[in-house]
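1. Sequence and predicted structure are below.
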Amino acid sequence: MNAKLRLKKLDGTLSEYSDILSFRFFKEIYQPYTQLKVRFVSENHEPADFSEIYFYVDQKLIHHGLIDSLSTVHKGSVYLSSLASRGFTAQLMQNQIQPGFIMNVSVNSLMDSYIHIPYVTHEDSSDSSNYIYIKYGSSMWDGISALAYKLYKRYPYISGTNCVMLSAPDSPASFAYTSSELLSSEKLMTTTRLISDFHMEDIDGNYGTFDYTNTAVRNRGIVRHQYSELDKRFLYNPQEALYFYDTIASRAWKKEIFTYSGFKGEELYDNASAPGCSGSVSSIDISGSNNGITTAVGIYL
């Protein structure tokens, strides 16, 4: 298993560990951070001395983040550590920005003018919307999501380790998986989040003006009604709010997952194809142990 871990201490020094017992890395298009859990042979250290983690697979840095938890157990003559971490972009969900209207906003102005989070970068774009509206209690990520939908009708995602992207990649790589190299393939669906009917009040607080029914959900025998107040993020087109709610409720409800041995370096929104299926890489799930490394690539349909 070619995996390597580096831990950064509060004084800036780095400790490197290559005796990795197991790890699990995950990222997907609807999760605003990379996620890692790893067990490794360590040393007699104080866990609180460490603040950052770098994790590499086949020399590629796939995760750079904060340490959510770190524990070390002394067993016999060895020290065994368990670590959980999320990428620095997770803090975009943990920081609120001032509520109200933000005018003439772009990803550059939104990311550069408000809260600075270490190591978090973003695509360079001054493409601006007339405004976005920030509700009370909304996070920085909520504002980014509202802007992405208004500009591009899509959800933002994390490229690399901590780069916020709103638009699709310019030059995605392509990966083709043959039947002979696949360890398994899986088709699955999840309907628990699907909503059949959306209703939103108008400017006077009345219902009946803005409604939307997802007939495909209804045809499955699913009846779930959702009522909401007027969403000021969509004052330019209130009906669009219901389509946005439906898009979020329908996220990742149907997917195919292909697992192979090793790691080829996939990134979100690369092109992927396997027998009977093709699309954009929507999730990347890498696991490793003494038995080697396996990668599960998900395509959301």
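-> Yep, it's here.
2. Point out where this protein drops to low pLDDT.
-> Scanning the chain with the threshold set as pLDDT under 70 gives 1.
3. the longest strand in it is where?
-> strand 60-75 (DSSP state E).
4. List the buried residues for stretch 67-84?
-> Going by neighbour count (16 or more other CB atoms under 10 Å), the buried part of stretch 67-84 is 67, 70, 72, 80-84. (Each C-beta comes from the backbone N, C-alpha and C, glycine too.)
5. How about stretch 207-227?
-> Of the residues in stretch 207-227, 210, 212, 214, 217, 224 count as buried by neighbour count, 16+ other CB under 10 Å.
6. Inside helices: which ones of these?
-> Residues of the buried residues of stretch 207-227 located in helices (DSSP state H): Val217.
7. can you pull the contacts of Arg6?
-> Contact partners of Arg6, counting by CB atoms under 8 Å, 6 or more residues apart in numbering, are 14-17, 53-56.
8. got a winner among those for most neighbours?
-> Phe55 (25 neighbours; other CB atoms under 10 Å).
9. can you tell me how far it sits from Gly12?
-> 19 Å (CB to CB, to the nearest Å).
10. One more: Leu151?
-> 38 Å.
11. between the two, which one's more packed in?
-> Higher neighbour count among Leu151 and Gly12: Leu151, with 18 against 8, using other CB under 10 Å.
12. those helices in the stretch 101-250 of the chain, which residues are they?
-> 107-113, 140-152, 215-218, 238-249 (DSSP state H, counting those that start in this stretch).
13. Deepest-packed of the ones you listed, please.
-> helix 140-152 (a mean of 21; mean count of other CB atoms under 10 Å).
14. Can you check what angle separates that helix from helix 238-249?
-> Here helix 140-152 runs at an angle of 120 degrees relative to helix 238-249 (axes from the mean of the first three to the mean of the last three CA atoms, to 10 degrees).
15. Now Asn2: closest residue in space, sequence neighbours ignored.
-> Asp58 (5.1 Å; CB to CB, 6 or more residues apart in numbering).
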